[in-house]
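Enquirer: Based on what follows, work out the 3D shape:
(chains A and B)
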There are 2 protein chains.
Amino acid sequence: MNKTISRRDALEARLRAIGDERYHDKHPFHHLLHSGGCTQDQVQAWVINRYYYQCSIPLKDAAFMSRCEDPDMRRNWRSRIVDHDGGVDDGGGLRRWLKLSEAVGLDPDYVASRKGVLPATRFAVDAYVRYVRDKPLLQAVASSLTELFAPKIHAERIEGLLAHYDFADDRALSYFRHRLKEAPKDVAYGLAWVLDHADTPEKEDMAAEALIFKTDLLWAQLDALHSAYVEPGRIPPGGWQPGEGAA
Amino acid sequence: MNKTISRRDALEARLRAIGDERYHDKHPFHHLLHSGGCTQDQVQAWVINRYYYQCSIPLKDAAFMSRCEDPDMRRNWRSRIVDHDGGVDDGGGLRRWLKLSEAVGLDPDYVASRKGVLPATRFAVDAYVRYVRDKPLLQAVASSLTELFAPKIHAERIEGLLAHYDFADDRALSYFRHRLKEAPKDVAYGLAWVLDHADTPEKEDMAAEALIFKTDLLWAQLDALHSAYVEPGRIPPGGWQPGEGAA
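Expert: Residues are numbered from 1 along each chain as shown, chains lettered A, B, ... in the order given. Model (predicted):
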């Protein structure tokens, strides 16, 4: 058996197992959301908080590029920023998320202001940007590999939202449809890079640790949302109050 | 007299005066280079060291974007990275600089390896990346405004190199021709932003200080080059030795 191939396969399997165990598609908030169990307030709270994550992704990817000394790798990585920010006129994923915000009855300017975002959301997301800025490059790349698991949750979300919520239509959900195309392209590059570079047991552990860190910060965002807005719901000081930022 | 306009005009004049006094077009090495007074070794030393600056510019601009929370500003700023890195297949300014490297008799892979770069060049350039990463956004933007003065030096350089050096042709100099178009677009955006945001005397001072810092780091690179490679020439340990990296 070819040892190199088996090492790569074993690491890929290990990374995928992390998703099976810890990816936030397993969080009860997502089950509630995708099965039609969320109130409009809960959907709005999710949209507001998730925007903070969305709009931090280009900061995270720029932080990555600011320490990536290989021009070819930067050229590949840049499309992630393009996907989210888009062009000066057309915008990208961020504007598509603001379309979703409108569809669920929120003022997109309110959402873009990032007021009302739960402190725990900020902490988790800011930790991600810092992680990618500060950690070894291998871990910065490996932390992006939750995209291995994203197409499945996006497909479930599109189906669940369309089936259960009046606001859901093609325009509202265009963010997720785009991600179905974008994420696989990004993750193919990132996964190959990690499998190429995690060439010792220590580095394999580092890659796995980075992916676990990433699943933790995704999960923490949903825990915060659940704690604040699902019955009984304890909204912390500064957190969005239902009715605020309505369109 | 409209006070707002006069404040903006006064600041712009102050910033332009910094260029008149301190921009590196006044450095004796540039006079030597543009007037045909450089040996091939000196031209090669310049190309090798300047590449370190070139290839750090996308890191600097990504560092800027990683802290720029305004998506519209990021969308505008991104073209700077595109100008230098270019696309996966075509490359950009960096590859054009490597064409120049070939034209002056260097192995482009040697130049891209950044071996032989003078330590003082690294210190100056790395200080720039850190400055843009760490300083207030106003200063990060203002430090880019040496582009106000760049088209003049690029035009002089194209003319001087074409007149005096056999290696100089359109292909070798395409980096500079592209910059003639790129820099004015970037600086128009950056200058307007600085004039809009430096709205107190303290902030005007900060903007001026940032531009002075930038002129200092450009000047320091040429001082290092001059010290190492112009007669009598004291090449520091680790610095490129004539003959190394020849094509």
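
Enquirer: Just give me the neighbour total for residue A:192.
Expert: Neighbour count of residue A:192, defined by other CB atoms under 10 Å in any protein chain shown: 12. (Each C-beta comes from the backbone N, C-alpha and C, glycine too.)

Enquirer: I should have written residue A:63 there, sorry.
Expert: With neighbours defined by other CB under 10 Å, the count for residue A:63 comes to 25.

Enquirer: try residue A:180
Expert: Using other CB under 10 Å, residue A:180 has 14 other residues around it.

Enquirer: That one: which element?
Expert: Using DSSP states H and E, residue A:180 sits in helix A:174-197.

Enquirer: for the helix or strand following that helix, what is the average pLDDT?
Expert: Using DSSP H and E, the next helix or strand after helix A:174-197 towards the C-terminus is helix A:201-229. On average, the pLDDT along helix A:201-229 is 97.

Enquirer: Likewise for stretch A:162-172?
Expert: The average pLDDT for stretch A:162-172 rounds to 95.

Enquirer: Give me every residue in chain A that's in contact range of chain B.
Expert: Contact residues (CB under 8 Å from any CB of the partner chain) of chain A with chain B: A:55, A:58-60, A:62-69, A:71-72, A:74-76, A:78, A:81-82, A:85-88, A:91, A:94, A:129, A:133.

Enquirer: what's the burial count for residue A:93?
Expert: 23.

Enquirer: For the closest residue to it other than its chain neighbours, give its distance to residue B:172.
Expert: Excluding the flanking residues, the one nearest residue A:93 by CB to CB, 6 or more residues apart in numbering or on different chains is residue A:84, at 4.2 Å. Separation of residue A:84 from residue B:172 (CB to CB, to the nearest Å) stands at 38 Å.

Enquirer: who's more crowded, those two?
Expert: Per other CB under 10 Å, whichever of residue A:84 and residue B:172 has more neighbours is residue A:84, with 28 against 19.

Enquirer: What segments of chain A are helices?
Expert: Assigned helices in chain A, in chain order: A:3-22, A:28-34, A:40-65, A:71-85, A:93-103, A:108-113, A:119-134, A:137-142, A:150-164, A:174-197, A:201-229 (criterion: DSSP state H).

Enquirer: Against which helices or strands is the helix holding residue A:180 packed?
Expert: The contact analysis (3 or more CB pairs under 8 Å, 6 or more residues apart in numbering or on different chains; DSSP states H and E) places helix A:174-197 against helix A:3-22, helix A:71-85, helix A:93-103, helix A:137-142, helix A:150-164.

Enquirer: who wins for proximity to residue A:114 among those?
Expert: Residue A:114 sits nearest to helix A:93-103 of all those, at 11.5 Å, using CB to CB.

Enquirer: Need the CA coordinates for the closest one. CSV is fine.
Expert: The C-alpha trace of helix A:93-103 is given here as CSV (Å, rounded to 0.1, in the frame of the first residue of the first chain):
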residue,chain,number,x,y,z
GLY,A,93,-22.3,37.4,-0.2
LEU,A,94,-22.6,40.2,2.3
ARG,A,95,-25.2,42.0,0.1
ARG,A,96,-27.0,38.7,-0.5
TRP,A,97,-27.2,38.3,3.3
LEU,A,98,-28.7,41.7,3.6
LYS,A,99,-31.3,40.6,1.0
LEU,A,100,-32.2,37.8,3.3
SER,A,101,-32.4,40.3,6.2
GLU,A,102,-34.9,42.3,4.2
ALA,A,103,-36.9,39.2,3.4
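
Enquirer: contacting residues around the residue nearest to residue A:35 when sequence neighbours are not counted?
Expert: Excluding its sequence neighbours, the residue lying closest to residue A:35 (CB to CB, 6+ apart) is residue A:160, at 6.3 Å. By CB atoms under 8 Å, 6 or more residues apart in numbering or on different chains, the contact set of residue A:160 is A:33, A:34, A:35, A:36.

Enquirer: Among those, which one lies nearest to chain B?
Expert: Nearest to chain B among those is residue A:33, at 25.4 Å by CB to the nearest CB.

Enquirer: hmm, back to that, most surrounded residue in the contacts of residue A:160?
Expert: residue A:33 (22 neighbours).

Enquirer: from what I can see that residue touches residue A:43, true?
Expert: Yes: applying CB atoms under 8 Å as the test, residue A:33 and residue A:43 come out as touching, 7.1 Å apart.

Enquirer: Could you list the low-pLDDT ranges of chain A?
Expert: Along chain A, the model assigns pLDDT under 70 to residues A:1-5.

Enquirer: The residue nearest to residue A:93 and residue A:96 touch, don't they?
Expert: No: Residue A:84 is beyond contact range of residue A:96, at 9.3 Å (criterion: CB under 8 Å).

Enquirer: contacting residues around residue A:143?
Expert: With contacts defined as CB under 8 Å, 6+ apart, residue A:143 is in contact with A:128, A:131, A:132, A:135, A:210, A:211, A:213, A:214.

Enquirer: now do 10 Å
Expert: The contact partners of residue A:143, taken as CB atoms under 10 Å, 6 or more residues apart in numbering or on different chains, are A:60, A:64, A:128, A:131-132, A:135, A:190, A:194, A:207, A:209-215, A:217.

Enquirer: how deep is the residue lying closest to residue A:170 once chain neighbours are set aside tucked in, by neighbour count?
Expert: Distance criterion CB to CB, 6+ apart; nearest residue to residue A:170, sequence neighbours excluded, is residue A:177 at 7.5 Å. Neighbours of residue A:177 under the rule other CB under 10 Å: 14.

Enquirer: quick one, what contacts residue A:177?
Expert: Shown in contact with residue A:177 (CB under 10 Å, 6+ apart): A:96, A:154, A:155, A:158, A:170.

Enquirer: Good, wrapping up.
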